[in-house]
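> my questions are about this predicted structure, shown below with the sequence.
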2 protein chains.
Amino acid sequence: MARYTGLINKYREYLPVTDKTPVITLNEGNTPLIKADNLARAIGRDDLEIYLKYEGSNPTGSFKDRGMTMAVTKAVEEGSNAIICASTGNTSAAAAAYGAKAGVKCYVLIPDGYIALGKLSQAMMYGAKVIAISGNFDQALDAVKEISTNYPVTLVNSLNPYRIEGQKTGAFEIIEALEDAPDYHFIPVGNAGNITAYWKGYKEWHNLGKCSKLPKMMGIQAEGSAAIVKKQVIKNPQTIATAIRIGNPASWEKAEAARDESKGTIDMVSDEKIIEAYNLLASTEGILAEPASCATVAGIIKLKDTLKQNAKLVCILTGNGLKDPDSAIKYAKSPVEKTTSELKDIVKLLNF
Amino acid sequence: MARYTGLINKYREYLPVTDKTPVITLNEGNTPLIKADNLARAIGRDDLEIYLKYEGSNPTGSFKDRGMTMAVTKAVEEGSNAIICASTGNTSAAAAAYGAKAGVKCYVLIPDGYIALGKLSQAMMYGAKVIAISGNFDQALDAVKEISTNYPVTLVNSLNPYRIEGQKTGAFEIIEALEDAPDYHFIPVGNAGNITAYWKGYKEWHNLGKCSKLPKMMGIQAEGSAAIVKKQVIKNPQTIATAIRIGNPASWEKAEAARDESKGTIDMVSDEKIIEAYNLLASTEGILAEPASCATVAGIIKLKDTLKQNAKLVCILTGNGLKDPDSAIKYAKSPVEKTTSELKDIVKLLNF
């Protein structure tokens, strides 16, 4: 059959699986790489080739599905009956969905009041046990690390090494689509697992001769939770980009290594600039990505004068904008106008 | 370049385009076909091969993107500077997104208070002029038909013939993935454009010898707006499946033709059964689809004893569940539990 059956089956020779591994898949991966000429023009750099890797097309609407198919597959292979994670929302959605598909129990810890509406609805619908704690992500992560050490439950946060393995396939897809690596790879940095994974993926395929170069890794943090940029743990991280509202990234050192080895950078952008980028992306490219994803677009704008002429950029849009409808409605520039169902009243609003 | 660049480029020989047509694309299509063995088991028919065509992976989260890439491409080719549609939400999101990408003005009319939160947020963010009328979809459609006749604006509702052309590519993808047509094709019926489009796609490729058979077309309506099943216009359609809350389907006769030519059926399901199917799909398969999509799953359950042994079913999940987070939270069976960030309090809730 010609059917696409997910990234483990597609890239199995590069992943820690055997023919006997029971693959748990929702046909994740195979996401679009959309050319963004309008955006390049809008920021005054139409020489740039900007490609948006739209990870919102994944089955639970974020890049987390790439790692979760691996983590849950390996948990099942190893005989586990339960998984647990701490999450700002995207990980909990992915864990709950793959847990449902695998038929294992799923527990998710979220920071109460700080996850987007869509993400909360997902974990609930997929049937996970959702526990909202009166603390932040970092406290939730500490708790699940402790719990998974002492109870029969597999940790599926990005500390789980299989997560990175699954996520690195994003780099493979980019190399295949562009028939080489790009010059720059822009990516949001929260817990820093994804920048780590992409860098690993690029390096592995570069070593195999599947691309001629390596990109500069350009990590972007939100100013209010920019631990790596500020070189300090942020005790009380704050940003509208809830998916990267993390004050003590688990993969901190690996993110720094990706930055340094690639001669890239890790920079930060304000919430104001994230909101501007959020609107710009939607209104010029017709793509709605969650605020954390738009930190990268804000990062491109901030750093645009430093990018070399005619460069190829890939920008990872990590999550679907539908995960956070409240932010969309709050920050959208076009209001909804109301009228009757009478033709004459409607026509009045159309300015023909 | 090996990059996937949308369904017009992929299927251009089967579509009304030329080499000069300016393709407006968000890399729509190429959506996953997910095998649903858990669902088959859960409904007591594990002999069935059920495949879920997850159209929620499209760039604006619904199947409407397939038709909209064609409609907006042709509008631009024909020199139009503005598009308009009436919508229960998914069409408005798609029109607004492709309008943004094309750089044309977009007007959308929606029934006030009856579109899901995510869909509203999309049209607003993509920068469309959104007008909420105090009437239902059918009244909004009457208005935009009239307006597009009298003003310089292109109608992009499914009356626009290019919409059906784009949407028929879903059938091509299914035939490619399964290397034949399925035995049954389950699909929600609202305005009835999509059942019309799939049937056209299947027939076209069957005529070309690309599949050995044609599926029975199994259309499913919501009981409160089941105009075709009840053989009467529904003046005040009501259902939680807002995407198919349509009382006078534009493609009524074509849907009946698809049903009759294919020896299929058009049936209806109650909101209660839709909600059950919505939860069942999420909790067994890890897939969150909007309520209208789940009408098909409810339809499979209703009709399961009439389906032949070992049949292959394709079920179109037309829209992403993230478009309607309010319904998800309202109908989810797993509540969120709250506690402190103290380990002992958390462990109490985990029942290890």
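Structure received. Residues are numbered from 1 along each chain as shown, chains lettered A, B, ... in the order given.
> C-alpha from now on. contacts and neighbour counts both.
Fine.
> show me the helices in the stretch 1-150 of chain A, by range?
Counting by DSSP state H, counting those that start in this stretch, one finds helices in the stretch 1-150 of chain A at the ranges A:7-10, A:37-42, A:64-77, A:90-102, A:117-125, A:137-150.
> weakest of the ones you listed in terms of mean pLDDT?
If the helices of the stretch 1-150 of chain A are sorted by mean pLDDT, helix A:117-125 sits at the bottom with a mean of 89.
> angle of that helix against helix A:90-102?
With axes from the mean of the first three to the mean of the last three CA atoms, to 10 degrees applied, the angle from helix A:117-125 to helix A:90-102 works out at 30 degrees.
> outside of helix A:117-125, which residues touch it?
When contacts are taken as CA atoms under 8 Å, 6 or more residues apart in numbering or on different chains, the neighbours of helix A:117-125 outside the stretch itself are A:60, A:89-90, A:92-93, A:96-97, A:130, A:322-326, B:279, B:282-283, B:288, B:322, B:325-326, B:328-329, B:332-336.
> which among those end up buried?
A:60, A:89-90, A:92-93, A:96-97, A:130, A:322-326, B:279, B:282-283, B:288, B:322, B:325-326, B:328-329, B:332-336 (16 or more other CA atoms under 10 Å in any protein chain shown).
> so of those residues, which ones are in helices?
The subset of those located in helices under the criterion DSSP state H comprises A:90, A:92-93, A:96-97, A:325-326, B:279, B:282-283, B:325-326, B:328-329.
> spell out which parts of the stretch 101-250 of chain A neighbour chain B.
Listed as neighbours of chain B in the stretch 101-250 of chain A under the rule CA under 8 Å from any CA of the partner chain: A:101, A:103, A:107, A:112, A:117-118, A:120-122, A:124-135, A:139-140, A:143, A:147, A:151-152, A:176-179.
> just the buried residues from those residues, in ChimeraX please.
ChimeraX command restricting those to the buried ones, with burial defined by 16+ other CA under 10 Å:
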select /A:101,103,107,112,117,118,120,121,122,124,125,126,127,128,129,130,131,132,133,134,135,139,140,143,147,176,177,178,179
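> one step back: now tabulate the ones in helices among the buried ones among the contacts of helix A:117-125 in CSV and tack on distance to A:Leu303.
Rendered in CSV, the data for those read as follows (distance: CA to CA, whole Å):
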residue, distance to A:Leu303
A:Asn90, 27
A:Ser92, 32
A:Ala93, 32
A:Ala96, 37
A:Ala97, 37
A:Pro325, 28
A:Asp326, 29
B:Asn279, 45
B:Ala282, 41
B:Ser283, 43
B:Pro325, 35
B:Asp326, 38
B:Ala328, 40
B:Ile329, 40
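> and these, which is closest to B:Tyr51?
Within those, the smallest distance to B:Tyr51 is 14.7 Å, found for B:Ala282 (CA to CA).
> got a list of what A:Lys9 touches?
Not Lys; residue A:9 is Asn. Contact partners of A:Asn9, counting by CA under 8 Å, 6+ apart, are A:Val23.
> residues touching A:Val72, list them.
Contacts here follow CA under 8 Å, 6+ apart; on that basis A:Val72 touches A:Ile24, A:Ile83, A:Ala95, A:Tyr98, A:Gly99, A:Ala102, A:Val156.
> which one (most neighbours) among those residues?
Ranked by neighbour count under the definition other CA atoms under 10 Å in any protein chain shown, those are headed by A:Ala95 with 35 neighbours.
> distance of that one relative to chain B?
Between A:Ala95 and chain B the computed distance is 9 Å (CA to the nearest CA, to the nearest Å).
> skip the chain neighbours and tell me the closest residue to that residue.
Computed as CA to CA, 6 or more residues apart in numbering or on different chains, the closest residue to A:Ala95 that is not its neighbour in sequence is A:Met68, at 6.3 Å.
> how close does the residue nearest the centre of chain A sit to A:Tyr98?
The residue lying closest to the centre of chain A (CA atoms, centre = their mean) is A:Thr318, at 2.8 Å. Here A:Thr318 is placed at a distance of 18 Å from A:Tyr98 (CA to CA, to the nearest Å).
> now do A:Tyr184
Applying CA to CA, one obtains 32 Å for the distance of A:Tyr184 from A:Tyr98.
> how about the contacts made by the residue of the stretch 251-352 of chain A found nearest chain B?
Checking the stretch 251-352 of chain A residue by residue against chain B with CA to the nearest CA singles out A:Gly286 as nearest, at 4.0 Å. For A:Gly286, the contacting residues are B:Leu26, B:Ala96, B:Ala97, B:Tyr98, B:Gly99, B:Ala100, B:Lys101, B:Tyr126, by CA under 8 Å, 6+ apart.
> got phi/psi on it?
Backbone torsions of A:Gly286, given as degrees, to the nearest 10, read phi 70, psi 30.
> show me where chain A has its strands.
In chain order, chain A shows strands spanning A:33-35, A:49-54, A:82-86, A:105-111, A:129-133, A:154-155, A:184-188, A:216-222, A:265-269, A:312-317, A:336-339, with DSSP state E as the criterion.
> most tightly surrounded among those?
The highest average neighbour count among these, using mean count of other CA atoms under 10 Å in any protein chain shown, belongs to strand A:216-222 at a mean of 28.
> partners of that one in the sheet?
Under the criterion DSSP bridges, strand A:216-222 sits next to strand A:184-188 (parallel), strand A:265-269 (parallel) in its sheet.
> what's the neighbour count on the residue nearest to A:Gly6 when sequence neighbours are not counted?
Distances taken as CA to CA, 6+ apart place A:Asn27 nearest to A:Gly6, at 3.9 Å, with adjacent residues excluded. A:Asn27 has 24 neighbours, counted by other CA under 10 Å.
> what's A:Asn27 sitting at in phi/psi?
Summarising the backbone geometry of A:Asn27 under the convention degrees, to the nearest 10, its torsions are phi 60, psi 40.
> list the contacts for it?
Residues in contact with A:Asn27, defined by CA under 8 Å, 6+ apart, are A:Tyr4, A:Thr5, A:Gly6, A:Leu7, A:Pro59, B:Pro32, B:Leu33, B:Ile34.
> kindly write the PyMOL command that selects the buried subset of the residues you listed.
In PyMOL, the members of the contacts of A:Asn27 classed as buried (16+ other CA under 10 Å) are selected with the following command:
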select buried, (chain A and resi 4+5+6+7+59) or (chain B and resi 32+33+34)
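> mind putting the contacts of A:Asn27 into JSON lines with distance to A:Ala292?
Output for the contacts of A:Asn27, formatted as JSON lines (distance: CA to CA, whole Å):
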{"residue": "A:Tyr4", "distance to A:Ala292": "29"}
{"residue": "A:Thr5", "distance to A:Ala292": "28"}
{"residue": "A:Gly6", "distance to A:Ala292": "25"}
{"residue": "A:Leu7", "distance to A:Ala292": "24"}
{"residue": "A:Pro59", "distance to A:Ala292": "18"}
{"residue": "B:Pro32", "distance to A:Ala292": "25"}
{"residue": "B:Leu33", "distance to A:Ala292": "29"}
{"residue": "B:Ile34", "distance to A:Ala292": "28"}
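> what is the nearest of the contacts of A:Asn27 to B:Lys200?
Distances from B:Lys200 to the contacts of A:Asn27, taken as CA to CA, are shortest for B:Leu33 (19.6 Å).
> chain neighbours aside, what residue packs nearest to that closest one?
Using CA to CA, 6+ apart, the nearest residue to B:Leu33 is B:Lys53, at 4.5 Å.
> thought that neighbour was touching B:Lys35?
No: B:Lys53 lies out of contact with B:Lys35 (CA atoms under 8 Å); the separation is 9.0 Å.
> A:Thr306: how many residues sit nearby?
A:Thr306 sits with 8 neighbouring residues when counted by other CA under 10 Å.
> an error on my part: the question was meant for A:Leu303.
The local packing of A:Leu303 (other CA under 10 Å) involves 12 other residues.
> quick check: the gap between it and B:Ile234.
Note on A:Leu303: its distance to B:Ile234, by CA to CA, is 56 Å.
> if I look at A:Gly209, how far off is A:Ile234?
From A:Gly209 across to A:Ile234, the span is 40 Å (CA to CA).
> between those two, who's got more neighbours?
Shown here are A:Gly209 and A:Ile234; by other CA under 10 Å, A:Ile234 has more neighbours (19 against 11).
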